[in-house]
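Novice: below: sequence and its predicted model.
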Amino acid sequence: MADYQAPLEDMRFLLHDVFRLPDQWADMPELAEMSGDLADAILEEGGKVCAQVFAPINRSGDEIGCQWHDGDVTTPEGFKEAWKTFADAGWVGLGGAPEFGGQGVPKGLTVLFEEMQYATNSSLALYSVLTAGACLTLNAHGSEALKNTYLPPMYEGRWTGTMCLTEPHAGTDLGIIRTKAEPLDDNAYAISGTKIFITGGEHDLTENIVHLVLAKLPDAPPGPKGISLFVVPKYHVGEDGSAGERNAVHCGSIEHKMGIKASSTAVLNFDGATGYLVGEAHKGLGYMFTMMNYERLSIGLQGTGQADWSYQQALAYAKDRVQSRAADKSLRTGEAADPIIVHPDVRRMLLTQKAWVEAGRALAVYLGGQLDAVKYHPDTAIQERAAGRVALLTPVAKAFFTDRGLDCTVLAQQVFGGHGYVREWGMEQAVRDARIAQIYEGTNGIQAMDLIGRKVLANKGEWLQQFFADIRMDLEAVSSDRHRQKDDLVRVMTSVEDHVGRWLKSDDANLAGTQAYNLMELVGYVAYGWLWLRMASNDQAGQGKADTAGFYFAWLWPQVDTLVRRMECDSQAFMAPGL
Ligand SMILES: Cc1cc2nc3c(=O)[nH]c(=O)nc-3n(C[C@H](O)[C@H](O)[C@H](O)COP(=O)(O)OP(=O)(O)OC[C@H]3O[C@@H](n4cnc5c(N)ncnc54)[C@H](O)[C@@H]3O)c2cc1C
């Protein structure tokens, strides 16, 4: 197995040259101290932690998995020590609020650290990113008392966080959850119900676990508008802030699953557990979306991270493995067989991975920069525009990154031939681990529905048009020798806008559902096309970027013609056939 190489050069190119985030940070008082040099140093150290602490226990973590005994869960050997090293160095609170002990590092940078965590050990990464997401939610919607109690130990990594939404009968449809919250005397609530599939719901890494739980109050209106959000700690918290007596929440079992085996996926039984209301009653689902949106981008990065790890492995293998003579005699080594990297079909697989990974990373940094503008930019007009962009692109990042993520791990596995199918090289674990990212945090189908319904049709296509208008403006700076690729992008954007206009006038109730996935993919292909042109035309781009952009447009982009044709398809095609 090749050692993980943090892709620092590409990351620096995106931060400094393509998006110039340090200049953007300088305009935001809260981020003014964040210099480009500091950003580079954080990335370099982050890369080391991932390579030296996360990567070495990825394989053994998969082999041993989490173990359940009488309600307790043991993480695989080495995880506790790794977590402590990671937490003690302050990485859990990297993007957290400084007033409660976080480091306040901008999202445009933390996305890259998340990518490296997922690349090297997705199971271990999940404990950390869920904690960061729970903190973000508490900080945005919790009372001062809740923030003071919970945020400091969570940022320190002494406690972790979870999100408890799913129930046996309620996954996508949270409006029908049954977990109840009964008011108690002292501003607290008794929480009762069963939550399933809770990531990090029980484990031995930390002193306490802080569950963010969706539940319904006795007077709750039916459906999603009747959901409230509660903090339920595994151990009650004493006056001095220490974890004390056990609360009435217990782990009934953990799932035996296809991948991410070192991430504990728990069934949690709440038997009148004491919980504390976050914000106002019945507004919990909206609050939870703070966490869900954070986790959606993060899970997208799981796709990109795992794709990059797999690509690195496949590239090293393809340079080393000799098999068959090169068709092009000038590439022959003179030995009986040449390294497989000389074969065009192997290059097809490698370049596909490279093109998806680097464009995905670029879109993540762009989106991170937009998230920072929403949070910190002093100009409210810029803030609002960025908020629309984030809303539009978050479901695309989640679904498009993770679909491409699985594609890449499978392609990388294919580069290894039969050796990719056996355990030794780690490729079959990568495929198993990457698969979940398409499913959890809202399935990719639900992301596509979110995009077409709430983010495009609900505002008459305004956010989409704004995004496309910005791309058109950006294309003016792209050199004229790329006019064909520019024209292609403009043609597709115009076609999407025309069809959205048509769909808006339709009274076909199933049309949005029929076109959802297609639209998500189209926006993904267009965004990546824009970013490839933007990267390739940057003064600092090497020949490698220009060549990979060429590959993207020659080989991957033509898929868009199929997607464009599919926009003609009406819901009859899906709903008429008997199943
Ligand atoms: C390993 C793992 C970890 C998880 N971690 C957590 C966690 O930490 N916290 C948590 O709360 N949950 C967690 N989940 C749950 C996860 O988020 C859900 O499994 C997921 O959201 C889908 O819900 P479901 O499994 O009930 O599927 P269902 O909702 O039953 O969906 C089944 C299928 O129907 C489709 N579908 C449903 N409704 C619609 C619709 N309206 N339109 C179109 N298609 C639709 C879905 O896309 C899917 O393909 C985890 C799950 C797993 C497997």
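Specialist: Alright, I've got the coordinates.
Novice: so F197, which of the three states?
Specialist: Using DSSP: H, G, I helix; E, B strand; the rest coil, the three-state assignment for F197 comes out as strand.
Novice: and it, how many neighbours does it have?
Specialist: Other residues lying near F197 total 20 when counted by other CB atoms under 10 Å. Placement of C-beta: from N, CA and C, glycine included.
Novice: what do you get for the one 3 residues further on?
Specialist: G200 sits with 28 neighbouring residues when counted by other CB under 10 Å.
Novice: going forward, count from 8.
Specialist: Renumbered: residue one is now 8, and that last one reads G207.
Novice: check contacts around it.
Specialist: Applying CB atoms under 8 Å, 6 or more residues apart in numbering, we find G207 in contact with 133-134, 137-138, 167-169, 216, 270-271, 273.
Novice: what do you get for T169?
Specialist: For T169, the residues meeting the contact criterion (CB under 8 Å, 6+ apart) are 137, 141, 205-208, 216-219.
Novice: specify the beta-bridge partners of it.
Specialist: Beta-bridge partners for T169, by DSSP bridges, are H218.
Novice: biggest strand in the protein, by residue count?
Specialist: When secondary structure is assigned using DSSP state E, the longest strand within the chain turns out to be strand 272-284.
Novice: so P113 makes contact with A39?
Specialist: No: with contacts defined as CB atoms under 8 Å, P113 does not count as touching A39, sitting 11.0 Å away.
Novice: who has more neighbours out of the two?
Specialist: Just comparing P113 and A39: by other CB under 10 Å the higher neighbour count belongs to P113, 24 against 11.
Novice: how close does the more buried one sit to T311?
Specialist: In this view, P113 and T311 are 18 Å apart by CB to CB, to the nearest Å.
Novice: still on that earlier bit, list the buried residues of the longest strand of the chain.
Specialist: Judged by neighbour count (16 or more other CB atoms under 10 Å), strand 272-284 contains these buried residues: 272-277, 280-284.
Novice: find the closest residue to the ligand in the stretch 208-357 of the chain.
Specialist: When you check the stretch 208-357 of the chain against the ligand by CB to the nearest ligand atom, the closest residue turns out to be T272, at 4.4 Å.
Novice: for the chain, that is, sorry about that
Specialist: Nearest to the ligand, among the residues of the chain, is G178, at 1.7 Å (CB to the nearest ligand atom).
Novice: that residue - how many residues pack around it?
Specialist: The criterion is other CB under 10 Å. On that basis, G178 has 17 neighbouring residues.
Novice: tell me which parts of the stretch 58-207 of the chain are close to the ligand?
Specialist: 170-173, 178-179, 204-206 (CB under 6 Å from any ligand atom).
Novice: apply 5 Å and report the result again.
Specialist: Counting by CB under 5 Å from any ligand atom, the residues of the stretch 58-207 of the chain close to the ligand are 170, 172-173, 178-179, 204-206.
Novice: ok, of the residues you listed, which come out buried?
Specialist: Buried subset of these (neighbour count, 16+ other CB under 10 Å): 170, 172-173, 178, 204-206.
Novice: biggest separation within the contacts of G207, which pair?
Specialist: Taking CB to CB as the measure, the contacts of G207 span a maximum distance of 15.3 Å, between T138 and A273.
Novice: could you tell me which residues of the chain lie near the ligand?
Specialist: Residues of the chain lying close to the ligand by CB under 5 Å from any ligand atom are 170, 172-173, 178-179, 204-206, 272, 447, 450, 452.
Novice: low-confidence bits of the stretch 58-207 of the chain, can you list those?
Specialist: When residues are selected by pLDDT under 70, none of them lie in the stretch 58-207 of the chain.
Novice: so which residues make contact with the helix or strand where R66 lies?
Specialist: Using DSSP states H and E, R66 sits within helix 65-71. Counting contacts by CB under 8 Å, 6+ apart, the residues outside helix 65-71 that touch it are 8, 82-86, 127-128, 130-131, 266, 268-269, 433, 436, 439-440.
Novice: report the distance from that helix to the chain centre.
Specialist: Its chain's C-alpha centre and that of helix 65-71 lie 22 Å apart, by CA atoms, centre = their mean, to the nearest Å.
Novice: show me which positions of it end up buried.
Specialist: Of the residues in helix 65-71, those scored as buried under the neighbour-count criterion (16+ other CB under 10 Å) are 65, 68-69, 71.
Novice: with these in mind, which one is nearest to A325?
Specialist: Nearest to A325 among those: N65, at 21.5 Å, using CB to CB.
Novice: can you pull out the helices in the stretch 308-457 of the chain?
Specialist: Listed in chain order, the helices of the stretch 308-457 of the chain (DSSP state H, counting those that start in this stretch) span 351-383, 387-422, 434-442, 451-457.
Novice: would CSV of those with mean pLDDT, mean neighbour count and distance to H490 be doable?
Specialist: Conversion of the helices of the stretch 308-457 of the chain to CSV gives the following (pLDDT from 0 to 100; neighbours: other CB atoms under 10 Å; distance: least, CB to CB, whole Å):
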stretch, mean pLDDT, mean neighbour count, distance to H490
helix 351-383, 97, 22, 21
helix 387-422, 97, 22, 26
helix 434-442, 98, 23, 37
helix 451-457, 98, 21, 32
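Novice: got a markdown table for those, with distance to A58 too?
Specialist: A markdown table is the format used below for these (distance: least, CB to CB, whole Å):
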| stretch | distance to A58 |
| --- | --- |
| helix 351-383 | 17 |
| helix 387-422 | 18 |
| helix 434-442 | 16 |
| helix 451-457 | 30 |
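Novice: so which of those is nearest D47?
Specialist: Distances from D47 to each of the helices of the stretch 308-457 of the chain were compared using CB to CB; the minimum, 13.9 Å, belongs to helix 351-383.
Novice: and the closest one, how far from the chain's centre?
Specialist: With CA atoms, centre = their mean as the basis, the distance from the averaged C-alpha position of helix 351-383 to the chain average is 12 Å.
Novice: next, H243: phi, psi?
Specialist: In this entry, H243 is assigned phi and psi values of phi -60, psi 150 (degrees, to the nearest 10).
Novice: cool, and M41?
Specialist: Dihedral angles of M41 (phi, psi; degrees, to the nearest 10) stand at phi -80, psi 90.
Novice: equivalent analysis for the one 5 residues further on, please.
Specialist: A46 adopts backbone torsions of phi -60, psi -40, taken as degrees, to the nearest 10.
Novice: what's the answer for G259, then?
Specialist: Taking degrees, to the nearest 10, you get phi -80, psi -30 for the backbone angles of G259.
Novice: can you count the residues close to it?
Specialist: What G259 shows, counting by other CB under 10 Å, is a neighbour count of 14.
Novice: isn't the residue of the stretch 208-357 of the chain closest to the ligand up against C258?
Specialist: No: with contacts counted by CB under 8 Å, T272 stays clear of C258, the gap being 10.4 Å.
Novice: what touches both of the two?
Specialist: What both T272 and C258 touch, as defined by CB under 8 Å, 6+ apart, is the set G208.
Novice: quick revisit: output the contacting helices and strands for the longest strand of the chain.
Specialist: Applying 3 or more CB pairs under 8 Å, 6 or more residues apart in numbering; DSSP states H and E, one finds that strand 272-284 contacts strand 187-190, strand 196-206, strand 215-222, strand 235-240, strand 256-261.
Novice: from the chain's centroid, how far away is the longest one?
Specialist: The reference is to strand 196-206. Chain-centre distance of strand 196-206: 24 Å, with CA atoms, centre = their mean.
Novice: what pairs with that strand, parallel or antiparallel?
Specialist: For strand 196-206, the paired strands and their directions (DSSP bridges) read strand 187-190 (antiparallel), strand 272-284 (antiparallel).
Novice: now that strand and strand 215-222, what's the angle there?
Specialist: Interaxial angle of strand 196-206 relative to strand 215-222 (axes from the mean of the first three to the mean of the last three CA atoms, to 10 degrees): 110 degrees.
Novice: same question for the last one.
Specialist: Interaxial angle, strand 256-261 versus strand 215-222 (the same axes, to 10 degrees): 90 degrees.
Novice: with the fourth one instead?
Specialist: With the same axes, to 10 degrees as the basis, strand 235-240 and strand 215-222 are set at 160 degrees to each other.
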